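K.L.:
sequence first, predicted model second:
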Amino acid sequence: MVEGFAQSRDQWLPVCSLPRLTEAGIVAVRVAGVDLALISEGGRVMACERACPHEQADLACGRLLHGRIACPRHEASFSLDDGTISDGWPSRPLRFYPVRVERGEVFINAASLILKREN
Ligand code: FES
C-alpha cells in the first residue's frame, strides 16, 4: 500500500483496471466532470488532461512514442516527464494529475480535479 493512501482514500477514485490500461496504452476517462487521458508507458502510469493544450484535439486518440504522447491533429508531441510540447509549437505544457495504482486498479485524486475546475 502506498504510504498515506489509507488516510485519504475518500479522495481517490478507481477509474480503470491496470490490465486494461496496460493493454490499451491510452484510455479516456471522465472523473468528477473532468475529461482525462490515462497513460501507461514504459512501466509508468499517469493521467493528463484529455484536450490538447494547443487546439483541444483529443489526446486519448493520440499515440505514445518513446516517452511522449503525440497529438492526433497536428502531430506535435508532449513529454511524459514534464509536459513540454515539441519544439516550434506555441502551447503551454500538458497538465498531469496525481495517479495511484493499488490492487490492479488505477485511482485518480478527485481533489486535484476540483482544483482544476476552479482555475
Ligand atoms: S491540437 Fe494538438 S498539437 Fe495542435
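P.N.:
Nice, I can see it.
K.L.:
can you list the residues of this structure near the ligand?
P.N.:
52, 54-55, 57, 71, 73-74, 76 (CB under 6 Å from any ligand atom). Just so you know, the C-beta spots here come from the backbone N, C-alpha and C atoms, and that holds for glycine as well.
K.L.:
are any of the residues you listed buried, and if so which?
P.N.:
Among the residues of the chain next to the ligand, those classed as buried by 16 or more other CB atoms under 10 Å are 52, 54, 57, 71, 76.
K.L.:
contacting residues for the third one?
P.N.:
Under the criterion of CB atoms under 8 Å, 6 or more residues apart in numbering, the contact partners of residue 57 comprise 51, 71-74.
K.L.:
how about the helices in this protein?
P.N.:
Secondary structure of the chain (DSSP state H): helices at 18-24, 110-118.
K.L.:
residue 81 against residue 67, yeah?
P.N.:
Yes: Residue 81 is in contact with residue 67 according to CB atoms under 8 Å; the separation is 6.6 Å.
K.L.:
for the chain, name the helix or strand with the lowest mean pLDDT.
P.N.:
helix 110-118 (a mean of 73; mean pLDDT, DSSP states H and E).
K.L.:
from residue 41, how far out is residue 106?
P.N.:
For residue 106, the distance to residue 41 (CB to CB, to the nearest Å) stands at 13 Å.
K.L.:
so these two - more neighbours on which side?
P.N.:
Applying other CB atoms under 10 Å to residue 106 and residue 41 shows that residue 106 carries more neighbours, namely 25 against 17.
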